[in-house]
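1. Provided below for reference: sequence and predicted model.
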Amino acid sequence: MKEQDDILPDEIIRPGSRRGIVLTLVGSVVIVLIVNFALAHFMPRNPGYAVVRDKWAMLLNQKRPVDTLVLGDSSGYLGVIPAELEAKLKGPAINYCSIGAMLSVNDAWMLDAYLEKFPPPKRVILVHVYDIWATPVTPVTMSNVPTGKNWRFNLKTNLTLKQKARILLTDYFPLYSENQTISSYILQPWLDRSNVFSGGLESGFCPVETGNPLFVQSDTKIRLKNAQNQNFQMTGENRQALEYMVSLAKEKGFKLYVVNSPLYEKLYDNAEFQRYYAQTQTELKKLTDETSWAKVLFGEPQLFPIEEMGNSNHLLHSGARKFSSALADSILELEQRR
Amino acid sequence: MLFNSLIFLVFFAIVYSLYLLTQKKYKVQNLLLLVASYVFYGYWDWRFLSLLAISTIVDFIIGGKLHKTILPGRRKLLLAISVIVNLSILGFFKYFNFFAENLTQTLNLFGMQPDPITLRIILPVGISFYTFQTMSYTIDIYRRKLVPTHSLLDFALFVSFFPQLVAGPIERAVHLLPQLSKPRKLDIDQINAALFLLVWGYFKKIVIADNVGAISDHIFNTYTTQQGLNVLIGTMAFCFQIYCDFSAYSDIARGLAKLMGIDLMINFKLPYFALNPSDFWRRWHISLSSWLRDYLYIPLGGNRGGKFKTYRNLSLTMLLGGLWHGASWNFVIWGAFHGGILILYHIYENLRHRADHHINPWHKYPAWRVLLSMAAMFGFTLIGWIIFRSQSVHQILYMISHMGWQTSPDSMELGYKLIFFILPLIVVQILQYRSRDLLVLMRLKLPGRVVTLGLMLTAIILFNSKASIEFIYFQF
């Protein structure tokens, strides 16, 4: 009686069959695939990546060629005003900068896509935060490049088979590759997911009017910590993409300007940061010095006060005006000298 | 090599394929499993394979001699050698620095300033588990409950069998060794059960433990800035994290073993449904609590020497059980806490002149009383987990004294996440409890089973953190 009444549970093994096991396994996998494909078709994509898709859509729909093509990351998206360049360089300009995780690989792809449609521009400006050059490919971001013309794989910037496989996995298996985005919709349903950087789809520039000095300071602290005892090493994919664009500049006859993002002045005060930053410049110069068609602009970094910064390397609108103007002046001076 | 890593899945796929190919030759299978187990263990740090080998060889030889010897003095000596060798290895690697530091601090109190002796000792993974497992072999032979094996291969596999090597269940030779010493039949019913254990185990680890673990880490690591409801949420999160993490390991281990036709003991039987401290230890980490009962509590005298000796034996057993978890005072305090509530419960039971833990309480008492007992025991368990997870006595006191209902700006988000992740566990466990069947989900008809397992797999992919997070009990 005691045993019978014992409350402790046990495992009651039930008869199974091969057929039942196979059907359970196959059926479970089918369920996973159904959920995955439903997500692939109906899931709202990561708003942080929207700018990549938007910029590609701009490029693929562009009707007229430009003289100045601006490529790069979000520091250029928020920092380079095409109208300022147009006014000083006397010719149409457009800004296709998106996000840092796309690396310079995306610049090369966009440049290729542009050159398939139009004759070469007079100049191409690459704007990147210094540490992007040391960053490896993130497949989930690369997957935001449109697949229609297979830009991602048939261009000359070769990714490894593993990187390509991961990008494909991202295309077709969002349940795994975008699980952070999907789970955030479930775990934080109350969050406002409207894209903060959604402006400027005419010229490609996104003006940000107000910032938070505390955020600039905390971001600076993180950057300083990351630079401590670190030596710069450019990632293979960035090197390959930059070398490719330098060779294109030489072959097609356009100027390629590599520009460092603006910096918060206090960030550059730090000796350890200066050491790391100088290493990036040396490396970039080494890659561009082999031809007169390519050049790293600004001998000294462009420094800005806290009131003009959104974080340690992204400008507010007021700073962007100054940065764009300085950029145009620098290009003008170089081109007039020649 | 973690169960929740890609490398392990590849490793197991290879080992299992070879295992199936050698199905008719169990000795070859044993050799394969032994090599696989040493590869599995050596993947962490190959240097510690020597410790595993020393424990194996010493206990194999002593086990054989113990069986042959009839002289009581000689038998005691042999047993003592086995125990001393095993506990010396365990003691050195796990407790040397702890005792050295505390000795130095104690001498400092008396004005002496000895040079502190601390060595950079790495804790070998799973050492507490396999040391206890191999010790039970010689002790059982000494007690004439077990006939030693003549096969070093079988015994080496018993000590190192990879599914349970690093975090249990702590198997007994009487249960596992006979299974390794004869051909094994792959039973389709067992494979069916293994399927559930594996998916449920991975679900508990990846979906529940790792995600609620992020909540508990946040609260415990910033405890001085937390209060009220957040402290409660953090404690609850750890409570479910440690259960899901540890029981998941056991489930996966048992599932893997079942696929190979080997049965490992059940390690958890719904511990948070316990009605009292005694009931809790019949449900929580059963392989350790029964080991402590059989090889420590009962040899100390158990409950045979009157109340005082019973309480003393309980205290000692729980203190050492706490210390088994790690060389740290919080584990000792945790053991003492559980020893304390066990003694209080025994006193209460003695006053009532009842010992009715085998009687179904739902048949005997009104529902409210059963639920109240469960809630009270759960409350004690929570306090225990605060002690277990805290880094200092100050943290223990702070967390307990600051627990309450006062909300913070992030309370809603943390609470929502906690409930979201533990809800499936609660639903499944209520079904398990009501049916008294841990495999209750296998009762579902095929479509229900497919949907349930499919959704669990979906959640495993969706809520995985991409990086494999270690199981908590590896550190013990």
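-> On my side now, so go ahead.

2. so who does the closest residue to A:F118 other than its chain neighbours touch?
-> Nearest non-adjacent residue to A:F118, counting by Cβ to Cβ, 6 or more residues apart in numbering or on different chains: A:P65, 3.8 Å away. The way it works is simple: take the backbone N, C-alpha and C, and place the C-beta from them, glycine included. Each residue near A:P65 by Cβ atoms under 8 Å, 6 or more residues apart in numbering or on different chains is listed here: A:92, A:117-119, A:121.

3. now do the SS call for A:P65.
-> coil (DSSP: H, G, I helix; E, B strand; the rest coil).

4. ok so, going back, and the contacts of A:P65, which of them are buried?
-> Those of the contacts of A:P65 that meet the buried threshold are A:92, A:121, by 16 or more other Cβ atoms under 10 Å in any protein chain shown.

5. what does the stretch 1-150 of chain A put close to chain B?
-> When proximity is defined as Cβ under 8 Å from any Cβ of the partner chain, the stretch 1-150 of chain A approaches chain B at A:2-3, A:5-18, A:20-21, A:23-25, A:27-32, A:35.

6. the same query, at a cut-off of 6 Å, please.
-> Residues of the stretch 1-150 of chain A that fall close to chain B, judged by Cβ under 6 Å from any Cβ of the partner chain: A:2, A:5-9, A:11-16, A:21, A:24, A:27-28, A:31-32, A:35.

7. shouldn't A:G211 be in contact with A:G310?
-> Yes: using Cβ atoms under 6 Å, A:G211 is in contact with A:G310, at 4.5 Å.

8. so between those two, which is more surrounded?
-> Neighbours around A:G211 and A:G310, counted as other Cβ atoms under 10 Å in any protein chain shown, are more numerous at A:G310. The numbers are 24 against 20.

9. gap between the more buried one and A:K255?
-> 29 Å (Cβ to Cβ, to the nearest Å).

10. next: B:S328.
-> Here B:S328 is placed at a distance of 64 Å from A:K255 (Cβ to Cβ).

11. ok, the two, which is more surrounded?
-> Set side by side, B:S328 and A:K255 show more neighbours around A:K255, with 20 against 15, by other Cβ under 10 Å.

12. OK, contacts around the more buried one?
-> By Cβ atoms under 6 Å, 6 or more residues apart in numbering or on different chains, A:K255 lies in contact with A:R123.

13. spatially nearest residue to the most centrally placed residue in chain B (excluding sequence neighbours)?
-> Compute the mean C-alpha point of chain B, and by Cα atoms, centre = their mean the closest residue is B:H285, 4.6 Å away. Leaving aside its sequence neighbours, B:H285 sits nearest to B:N267 (Cβ to Cβ, 6+ apart; 6.2 Å).

14. ok, residues contacting stretch A:281-291?
-> With Cβ under 6 Å, 6+ apart as the test, stretch A:281-291 has contacts from A:234, A:242, A:250, A:258, A:294-296.

15. the residue lying farthest from the centre of chain B: which element?
-> Most distant from the centre of chain B: B:G111, at 41.0 Å, with distances by Cα atoms, centre = their mean. According to DSSP states H and E, B:G111 maps onto no helix or strand at all.

16. report the buried residues of the helix or strand of chain B with the lowest mean pLDDT.
-> Scoring the helices and strands of chain B by mean pLDDT, DSSP states H and E places helix B:96-109 at the bottom, with a mean of 74. For helix B:96-109, the neighbour count (16+ other Cβ under 10 Å) marks B:97-98, B:104 as buried.
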